[in-house]
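Novice: Sequence first, then the predicted structure, then my questions.
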Amino acid sequence: MLNRMLLPDTVGTGGDSHTRFPLGISFPAGSGLVAFAAATGVMPLDMPESVLVRFKGEMQPGITLRDLVHAIPYYAIQQGLLTVEKAGKINAFSGRILEIEGLNNLTVEQAFELSDASAERSAAGCTIKLSPESIAEYLQSNIVMLKWMISEGYGDRRTIERRIAGMEAWLANPELMEADADAEYAEVIEIDLADVKEPILCAPNDPDDARLLSDVAGDKVDEVFIGSCMTNIGHFRAAGKLLDKFGGSLSTRMWVAPPTKMDRDQLTEEGYYGIYGRAGVRIETPGCSLCMGNQARVADKATVLSTSTRNFPNRLGTGANVYLSSAELAAVGAILGRIPSVEEYQEYAKQINATAADTYRYLNFHLMGQYTKKAEEVIIQQAV
Ligand code: SF4
C-alpha cells in the first residue's frame, strides 16, 4: 500500500529489508535509524557505489519478470560477481545500489518485483529506470485510490491530500532524474533478453543459487505457494487460468495468498476464488502468509515451489526444500506434481500467452467504477 503513496524520485527508508520502492529509492535500515529519519527528515548515509544491470532486447516467449529477477544472480554468477558457497562468499551487490535499466516500459507494479528482490541481493537500495508514461499511469491510478481512501474515512486526511497534490504536481510537470551518460559503476552486468530462453529458478535453499529450468526439471513437488510481496494480481489470474483448464483436483498441496485485500476482492469478483476452491487450493488471508514463516507452514521436509522472496533454510517449513520460481511455473508444478521440463512448461506458457492481455491487467483504480465514483465525490479540504 505504501508503494501507492510514492512520488517519483523520492528517497525513503523503512524498517523491513523489503521496504523497497519501485519509484525513487529506499534504503532500508534498523529501527533506530528509521525513527531518526522519520523525526528529522534526514538520514545519515555514506552513498554506496552502484552495480548497473542493463537489459537489452526483447523478452522471449514463456519468460516472466520473475525469471528476469533470477537472471540477475544467474548472470552475476557467470561473471564471477557472485558465489553461492558461504565460505569465501563473493557478492558484488552487497551494500551497493542496484541500478536497473532497459525495461523502461514495465508497469510500476511489475518494477516492484525487481526492486523488492534487491533485498535478496543484499543491495543497499535499488533504482529502476521507467518511462514517464508508466509512472503517469500509476500516479493517476493512485490519486483515485487515495481519494477513495479519504471517502472511506482513512487517515490521516491531510497527509493523503498532500500526497495527491504532489502526484498532481508531478503529472503537470513530469520530470525524472537520470543517470549521467558517463556515470561510473562498480560493476556492469549486461543481460541480452534474447539469451534468456528458459525460466530461471533459485534452488533449495538459497536465493543466490539461480539455475536454469533444464537443470532442475523432474524434481518432485509436494507443495506450492503463490503469494508474498513478490506477487501481483496478474500472477493469480495466470495460475487460476491454468487450474481452470486443468479442471481437476490437485494432488499437490497448493497455497494461494494475494498480497492485499483489494487483490482478493477483485479476484473473487472475477471468479478466481471459485476456481481455486474447485482445484482444492488452500486459500490464505491476504498478506505475507507462508512467506512470514511464523504463520502457516509447509509440511516438514516438503519440496516446495514458491513465489516468495527468499528460500532460506526452514523459513517456509522445517527441513523444507524450497525452489523460488515464477507463479506461472509454480502453477504448472502444482498440476504436474513435479518441476516440468522446458518443453512441458512452454506448452502451458502458450495457454497463458493466449489471454495475456486479460491476465496481466493491474489494479488501475482510475479505470474502475467502484473507485472513481467515490473519488469524484471527494473535495480536497486542505490548502496543501
Ligand atoms: S511477503 Fe515475505 S518478504 Fe514480503 S513483507 Fe511479507 S514476510 Fe516480508
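Specialist: Thanks, I have the structure now.
Novice: center of the protein - which residue?
Specialist: The residue lying closest to the centre of the chain (C-alpha atoms, centre = their mean) is residue 113, at 2.4 Å.
Novice: Double-check that that residue belongs to a strand.
Specialist: No. Judged by DSSP: H, G, I helix; E, B strand; the rest coil, residue 113 forms no part of a strand; its state is helix.
Novice: I am assuming it contacts residue 232, so please confirm or correct that.
Specialist: Yes. Using C-beta atoms under 8 Å, residue 113 is in contact with residue 232, at 7.4 Å. C-betas here are computed from N, CA, C, even on glycine.
Novice: circling back to that earlier point, mind listing what the residue nearest to the centre of the chain touches?
Specialist: 65-66, 69, 230, 232 (C-beta atoms under 8 Å, 6 or more residues apart in numbering).
Novice: Quickly check: stretch 97-115 near the ligand or not.
Specialist: No. Using C-beta under 6 Å from any ligand atom, stretch 97-115 stays clear of the ligand, with a minimum separation of 10.8 Å.
Novice: Any idea how far apart the tips of that stretch sit?
Specialist: From its first residue to its last, stretch 97-115 covers 11 Å (C-alpha to C-alpha, to the nearest Å).
Novice: Give me the buried positions along that stretch.
Specialist: For stretch 97-115, a neighbour-count test (16 or more other C-beta atoms under 10 Å) marks 97-103, 106-115 as buried.
Novice: List the ones among these that fall in strands.
Specialist: The strands, defined by DSSP state E, take in 97-101 from the buried residues of stretch 97-115.
Novice: Pick the one among those residues closest to residue 327.
Specialist: residue 100 (20.7 Å; C-beta to C-beta).
Novice: So which residues on the stretch 151-300 of the chain come close to the ligand?
Specialist: Counting by C-beta under 6 Å from any ligand atom, the residues of the stretch 151-300 of the chain that sit close to the ligand are 228-229, 288, 291-292.
Novice: Could you work out the most separated pair of those residues?
Specialist: 229 and 292 (10.6 Å).
Novice: Tell me which of the two has more neighbours.
Specialist: In this view residue 229 and residue 292 are compared by other C-beta atoms under 10 Å, and residue 229 has more residues nearby, 22 against 15.
Novice: okay but that one is in contact with residue 258, surely?
Specialist: No. Contact criterion C-beta under 8 Å: residue 229 and residue 258 do not qualify, at 10.9 Å.
Novice: I'd like the residues of the stretch 151-300 of the chain next to the ligand as a markdown table, with pLDDT appended.
Specialist: Below are these laid out as a markdown table (pLDDT from 0 to 100):
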| residue | pLDDT |
| --- | --- |
| 228 | 96 |
| 229 | 95 |
| 288 | 93 |
| 291 | 93 |
| 292 | 90 |
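Novice: what would those residues look like in JSON lines with secondary structure and distance to residue 183?
Specialist: Formatted as JSON lines, those follow (DSSP: H, G, I helix; E, B strand; the rest coil; distance: C-beta to C-beta, whole Å):
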{"residue": "228", "secondary structure": "coil", "distance to residue 183": "33"}
{"residue": "229", "secondary structure": "coil", "distance to residue 183": "29"}
{"residue": "288", "secondary structure": "coil", "distance to residue 183": "36"}
{"residue": "291", "secondary structure": "helix", "distance to residue 183": "35"}
{"residue": "292", "secondary structure": "helix", "distance to residue 183": "38"}
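Novice: Tell me the confidence at the closest residue to residue 80 other than its chain neighbours?
Specialist: Leaving out its chain neighbours, the residue that sits closest to residue 80 by C-beta to C-beta, 6 or more residues apart in numbering is residue 90, at 7.2 Å. Listed pLDDT for residue 90 reads 98.
Novice: Which stretches in the stretch 101-250 of the chain count as helices?
Specialist: For the stretch 101-250 of the chain, the helices defined by DSSP state H, counting those that start in this stretch occupy 108-116, 132-151, 157-172, 213-216, 233-246.
Novice: Switch those over to CSV; also include mean pLDDT.
Specialist: CSV is the format used below for the helices of the stretch 101-250 of the chain (pLDDT from 0 to 100):
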stretch, mean pLDDT
helix 108-116, 96
helix 132-151, 97
helix 157-172, 96
helix 213-216, 98
helix 233-246, 97
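Novice: Just the buried ones from the contacts of residue 113?
Specialist: Buried by 16+ other C-beta under 10 Å: 65-66, 69, 230, 232, out of the contacts of residue 113.
Novice: which pair in those residues spans the largest distance?
Specialist: Taking C-beta to C-beta as the measure, the buried ones among the contacts of residue 113 span a maximum distance of 12.9 Å, between 69 and 232.
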